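Visitor: Any chance you can model this:
(2 chains)
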Amino acid sequence: MKRIVVENISKKYHYQSQDNKEMSFRELLSSQVTSLFRPAKSESTFYALQDVSFDVEEGEVFGIIGKNGSGKSTLLKILSRVTTPTSGRAVIRGRIASLLEVGTGFHAELSGRENIFLSGIILGMKRWEISQYFDEIVEFAGVGKFLDTPVKRYSSGMRLRLAFAVAVYLRPEVLLIDEVLAVGDYEFEKKCLASVNDLGKSGRSVVFVSHNLLAMKRLCSRIMVLSCGVQKFIGDPIEATKMYLGGEMISRSSMVWEEQGLVLGTILSLHSLKVAGGAEGDEQVSFFLDQQVIIEVTYTWLSLDDRISLVFSFYDETETLLFSTSKMSDEFEQGADETRNGSLQSIVLVVPGNIFQEGVTTVGMTIFNLGKREQLLDFDQTALFFEQELLSFFMKERDSQKIIGSGSFWRGQKGKMRPLVQWKA
Amino acid sequence: MNEIIISPKKPWKALLSELWEYREVFLFLGWRDILVQYKQTVIGILWIVIRPLLTVAIFTIIFSKIAGISSKNVPYALLVFSGMLVWQFFADTLVHASHSFLTNAQLISKTYFPRVMLPASRLLCSVVDLAIAFVFYLAISMGYYRVFPSLYFLLLPIFVLWLAVISLSLSLIFAPLIVRYRDFRHIIPFFIQLGVYCTPVGFSLSIVPGFLKVLVALNPLSGVINGFRFCLFNEPLYVISLIVSLVVTVIISITSVIYFKRSEEFFADLI
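Guide: Next up is the predicted model:
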């Protein structure tokens, strides 16, 4: 069954009425008076959305990608009925919950508890139905202690967690999510993405807007590409992201774990991870094919004698492993006493140029616990950390016109590698 | 399964069925307003009583004692108090309801429910306030002045309903204006400050000369106040004034509903 059917939705904004936003009555009066004598300024309009049509099946996770200002948020606002379309029509079968942009649809004066009920009631649920899910919501959001505190005193992270928990656990048939996960921390984002996946599996439909292309590719069964309010593509996620990246590169070039970092057992805590161009360069997302790519991870040791093995893996757009490389802490540590005093350590991996093919490469990281010093190495130890899609970067041709012979096209396929080879006669 | 249709213009029929669908939101928001009013403020209920009491005292001193306005055979304090019951309901509703979109901007820009629920839910709290002030009125009227309402007292709910319609209608006109033009926030207190003198709160319609009665009746609240006083201490009903007030009410309420529907679609874009 089709849960959402969108037919030729357009939304037109008037520049004038946008300016009206903070226009005072006095200004309005004076502008009205002057327009009596002068011909009215021609009102400029623009289309935030133009003839957008698509449908979403039951149990489908549908993604929307596009640059800022491409109309993604407007589309979700229309679907959640916060604003009306200028023309077109949409039919939604079932209850709709939405998480729109930053900030949440809570009543600031109400407590967390009251807001959970208010959200449920707005969704059209009975109080006893809401009570059924209440504990799950509180647990997921982790706001137990602050249930009776007005939401206005919550941190933005807490508010977001509560909003997400409410939207997911009140089990709406349709969930609209607009780039809200970026506010949360890494752990929470992971939790949310997992819930989105589960929602789809349980027959609910999700419309999902995010800049996290890696997650989008994994979760969505179809992705729509929007550009300046016009739909450019609907279909296969890999095709969609490729098409989108053809226009502009947006990817994640760094990860930062705030405050005390991401604590891994009692062994170490991770602080940051980034892709860079030079040794002490700023993070970078886009490289020429012959440039070296540098991955830097910073961490602090929490234990004095545990050993780890650090593995970096590189994947292409189809999630095929290109290669991976590992190093044990014994090998990169000199003088344990200096490094294990709680100070920030960093490890740098340099991948030389002329290896990666054009396009997006994603970086995964795994950290294994190898046990204490003087222990036998035990590779069956479970990983302390494992993430396949942490960062990504983009490789591109240095010159727009290819030098004949040096390209790597063969029957339209590009191949996985792009080494610098030499031909001799 | 309910089917939601999104289109540029919402048909009136869909709007009405939505009101019923979302009635719980109305009750929840209204109930919440009441709780806030009476739980968090320290003097809670007392405040509801102190405000009219002070106003009545000042009005009595200035208009009755100094200016010497006659209240015919009714104690002047009761005359003012009965007028204040109406005026306070109106003023409180207007202030809170017309600001409800600004104070709840987050809610409006992130979720959907019929927008009218926000200003309308304020009525619940105003009715409770009125009930409390009314009990206090009766205590003074019967306990101190020995003025007992007649059986017409039973007609009072009709006039309360009328009052609610006027209050909500004006709120529905002002609420979108406040969203659009921020200086209406300053206009409303001014409007309320002046309004109390243009409304028969401190005087009775009976002392207004003939043709002026109709002019005063253009303010629909004068009809309501006349009705209240009719129920509470048998002030005569001025039928022509009543009809004028009623007609004005109908015009205002129809205008407000049409105006509100037209503007609510743009709230999220403007707020």
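
Visitor: Please name the nearest non-neighbouring residue to residue B:264.
Guide: Nearest non-adjacent residue to residue B:264, counting by C-beta to C-beta, 6 or more residues apart in numbering or on different chains: residue B:115, 4.4 Å away. Quick note: C-beta positions are derived from backbone N, CA and C, even for glycine.

Visitor: now residue A:306
Guide: Of all residues not flanking residue A:306 in the chain, residue A:267 sits nearest, at 4.5 Å (C-beta to C-beta, 6+ apart).

Visitor: Just give me the neighbour total for the residue in the stretch 1-150 of chain A positioned nearest to chain B.
Guide: Proximity of the stretch 1-150 of chain A to chain B (C-beta to the nearest C-beta) peaks at residue A:105, 3.0 Å away. For residue A:105, the count of nearby residues is 25 (other C-beta atoms under 10 Å in any protein chain shown).

Visitor: hang on, the earlier thing: how many other residues sit next to the residue nearest to residue A:306?
Guide: With other C-beta under 10 Å as criterion, residue A:267 counts 20.

Visitor: Look up how far chain B lies from it.
Guide: Separation of residue A:267 from chain B (C-beta to the nearest C-beta, to the nearest Å) stands at 42 Å.

Visitor: That residue against residue A:308, yeah?
Guide: Yes. Using C-beta atoms under 8 Å, residue A:267 makes contact with residue A:308 at a distance of 6.5 Å.

Visitor: what is in contact with the two at once?
Guide: Residues touching both residue A:267 and residue A:308 by C-beta atoms under 8 Å, 6 or more residues apart in numbering or on different chains: A:369, A:384.

Visitor: With adjacent residues omitted, what lies nearest to the residue in the stretch 51-200 of chain B that chain A sits nearest to?
Guide: When scored by C-beta to the nearest C-beta, the stretch 51-200 of chain B has residue B:110 as its residue closest to chain A, at 3.0 Å. Leaving aside its chain neighbours, residue B:110 sits nearest to residue A:105 (3.0 Å; criterion: C-beta to C-beta, 6+ apart).

Visitor: doesn't residue B:106 make contact with the one you found?
Guide: Yes. At 6.3 Å, residue A:105 counts as touching residue B:106 under the criterion of C-beta under 8 Å.

Visitor: Pull the number of nearby residues for the residue lying closest to residue A:236 once chain neighbours are set aside.
Guide: Of all residues not flanking residue A:236 in the chain, residue A:222 sits nearest, at 7.2 Å (C-beta to C-beta, 6+ apart). When neighbours are defined as other C-beta under 10 Å, residue A:222 has 20 of them.

Visitor: Make sure residue A:222 is actually in contact with residue A:64.
Guide: No. Shown here, residue A:222 and residue A:64 do not form a contact pair, counting by C-beta under 8 Å, at 10.0 Å.

Visitor: downstream neighbour of the helix or strand that contains residue B:84 in the secondary structure list?
Guide: For residue B:84, the host element (DSSP states H and E) is helix B:76-103. Counting by DSSP H and E, the next helix or strand C-terminal to helix B:76-103 is helix B:105-110.

Visitor: and the direction of whichever helix or strand comes after that following helix versus that of helix B:76-103, what angle?
Guide: As assigned by DSSP H and E, the chain's next helix or strand after helix B:105-110 is helix B:117-138. With axes from the mean of the first three to the mean of the last three C-alpha atoms, to 10 degrees applied, the angle from helix B:117-138 to helix B:76-103 works out at 160 degrees.

Visitor: which intervals of the chain have sub-threshold pLDDT?
Guide: I'll assume chain A. A:15-43, A:101-103, A:180-186, A:246-251, A:279-281, A:334-337, A:373-382, A:399-413 (pLDDT under 70).

Visitor: Chain B was what I was after
Guide: Within chain B, the ranges that satisfy pLDDT under 70 run B:1, B:40-44, B:268, B:271.

Visitor: which residues in it form helices?
Guide: Listed in chain order, the helices of chain B (DSSP state H) span residues B:12-21, B:23-35, B:44-59, B:76-103, B:105-110, B:117-138, B:156-180, B:184-198, B:210-217, B:220-233, B:239-264, B:267-270.

Visitor: Out of those, flag the one nearest residue A:316.
Guide: Of all these, it is helix B:105-110 that lies closest to residue A:316, at 38.5 Å by C-beta to C-beta.

Visitor: Need the CA coordinates for the closest one. PDB is fine.
Guide: The C-alpha atoms that make up helix B:105-110 are tabulated as PDB, following Å, rounded to 0.1, in the frame of the first residue of the first chain:
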ATOM      1  CA  ALA B 105       5.800  29.600  18.100                       C
ATOM      2  CA  GLN B 106       7.800  26.300  18.500                       C
ATOM      3  CA  LEU B 107       4.600  24.300  18.700                       C
ATOM      4  CA  ILE B 108       3.100  26.000  15.700                       C
ATOM      5  CA  SER B 109       6.100  25.700  13.500                       C
ATOM      6  CA  LYS B 110       6.800  22.100  14.200                       C
END
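
Visitor: what comes into contact with stretch B:215-228?
Guide: Contacts for stretch B:215-228 (C-beta under 8 Å, 6+ apart): B:82-83, B:85-87, B:90, B:155-156, B:158-159, B:162-163, B:166, B:195, B:198-201, B:205, B:208, B:235, B:237-238, B:240-242, B:244-246, B:248-249, B:252.

Visitor: for stretch B:102-110, same thing?
Guide: Applying C-beta under 8 Å, 6+ apart, the set of residues contacting stretch B:102-110 from outside is A:80, A:82, A:98, A:100, A:103-108, B:101, B:115, B:118, B:178-179, B:185, B:267-268, B:271.

Visitor: Sort out which residues of that stretch are buried, please.
Guide: Of all the residues in stretch B:102-110, those buried under the rule 16 or more other C-beta atoms under 10 Å in any protein chain shown are B:104-110.
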